[in-house]
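Student: Okay, here's the prediction I keep looking at, along with the sequence it came from:
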Amino acid sequence: MRALPAALRTLPGPLRARPGSRLPGVLTLLAFLTGVGYRLGLLLHDAPPTNSDEATMGLAALHISRGQEFPIWFYGQSYMGTLEAWLAAPVFALAGPSTLGLRLPTLAMYALFVLLVWRLTLRLTGDRWFALLVVGLLALGSDRIVKNQLIAGGGYPEMNVAGAALALLAYDLAAGRPGRRLPRWAAWGFLAGLMVWVDPLVLPYVAATGLVLVAFRWRDLRGWAGAVLGLGALVGAAPLLVDSLAAGRNPLAAVLTASGADQPAGWADRLYGGLVLGPALGTGFCDPGRCAGWQLWWAAALPVLLLAAALTAWRTLR
């Protein structure tokens, strides 16, 4: 297992920049600023259009900023954490309530997401040109993706940055990067617990990165690392746990409800939405509201690309 860092350092990189070259870094910075500036311009022009979910989150932020109420859950339901409202509350307290003020934290989360993915790409490949390509792609975005990144309607803006942070922390821990070991374990646990409260749709990322930690650092998990990780998870999920104890409710109920376990949709509909319709809408191959049959070709291409990526990663690690 300790051969992992050496294997990653020897990844082939035909476009690898010379050690003294600043061009990839400069272009990456420009791509990053372009992506953030584009989204800031949208926000200044009241785009994307707001909706009722965002209005509810804004109301929660207003109540928090005034000290009137401190909601744990999205108003009207006992699931979906109000992290976006808590992040926007200081902005409301300083500048007054506005759609822009509500969305400034989501813009910051997008910027942090891009930086984390850039760092993760460099960790995995060491190729600054490839990292530039990744940042350039993330600077763009389909209608659906940009909406999910910017609208403070609950869950979606946080999932991007949390998933990237979990992956980066898992890599650093698995690869044995020196320094700040216990804080990394605590941060991974805190993010995992926090997202269980906010939106359990990110749980597949928690499970995947958790498996990496178990596979490469299972001995560490039996000691202080496991204890620190567990404590961090309890702190992150504290709003969910405290509310469940106060209400006498099973904490898993909120997780299952938010994941749609109680919805009448069958597995065929769920698989169609997640594997066929979702990728086409998310990558911009369709109109914002619907997909024609011929536009769903990405559903066939994506599994092939994912399989090729998995095989390439496996061969590299071997």
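Tutor: Yes, it's here.

Student: residue ranges of the helices in the stretch 1-150 of the chain, please?
Tutor: 4-9, 23-44, 52-66, 83-95, 99-125, 128-139, 143-150 (DSSP state H, counting those that start in this stretch).

Student: Would you convert the ones you listed into a markdown table that also reports mean pLDDT, mean neighbour count and distance to residue 196?
Tutor: Every C-beta, even on glycine, is put in place using the N, C-alpha and C of the backbone. Below are the helices of the stretch 1-150 of the chain laid out as a markdown table (pLDDT from 0 to 100; neighbours: other Cβ atoms under 10 Å; distance: least, Cβ to Cβ, whole Å):
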| stretch | mean pLDDT | mean neighbour count | distance to residue 196 |
| --- | --- | --- | --- |
| helix 4-9 | 44 | 12 | 28 |
| helix 23-44 | 96 | 16 | 28 |
| helix 52-66 | 95 | 19 | 19 |
| helix 83-95 | 96 | 20 | 12 |
| helix 99-125 | 96 | 19 | 18 |
| helix 128-139 | 95 | 19 | 26 |
| helix 143-150 | 90 | 19 | 20 |
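
Student: Near residue 226, how many residues? Count them for me, please.
Tutor: 17 (other Cβ atoms under 10 Å).

Student: Figure out the helix or strand that it lives in.
Tutor: Element membership for residue 226, per DSSP states H and E: helix 224-236.

Student: Can you give me the buried ones in that helix?
Tutor: By neighbour count on 16 or more other Cβ atoms under 10 Å, the buried set for helix 224-236 is 225-226, 228-229, 232-233, 236.

Student: so what pLDDT did residue 246 get?
Tutor: You'll see residue 246 listed with a pLDDT of 85.

Student: Tell me who's in contact with it.
Tutor: By Cβ atoms under 8 Å, 6 or more residues apart in numbering, no residues touch residue 246.

Student: residues of the helix or strand that comes right after the helix holding residue 226 that come out buried?
Tutor: Using DSSP H and E, the helix or strand that follows helix 224-236 in sequence is helix 238-247. Across helix 238-247, burial judged by 16+ other Cβ under 10 Å covers 239-241, 243-244.

Student: Helix 238-247 vs helix 83-95, what angle?
Tutor: Per axes from the mean of the first three to the mean of the last three Cα atoms, to 10 degrees, the angle that helix 238-247 makes with helix 83-95 is 110 degrees.

Student: tell me the angle of helix 238-247 relative to helix 224-236?
Tutor: 60 degrees.

Student: Please export the C-alpha coordinates of helix 238-247 as PDB.
Tutor: Provided in PDB are the C-alpha atoms of helix 238-247 (Å, rounded to 0.1, in the frame of the first residue of the first chain):
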ATOM      1  CA  ALA A 238     -24.900  17.400  15.700                       C
ATOM      2  CA  PRO A 239     -27.900  19.400  14.400                       C
ATOM      3  CA  LEU A 240     -29.500  16.200  13.100                       C
ATOM      4  CA  LEU A 241     -28.700  14.200  16.300                       C
ATOM      5  CA  VAL A 242     -29.800  16.900  18.700                       C
ATOM      6  CA  ASP A 243     -33.100  17.600  16.900                       C
ATOM      7  CA  SER A 244     -33.800  13.900  16.700                       C
ATOM      8  CA  LEU A 245     -33.200  13.400  20.400                       C
ATOM      9  CA  ALA A 246     -35.300  16.400  21.300                       C
ATOM     10  CA  ALA A 247     -38.200  15.200  19.100                       C
END
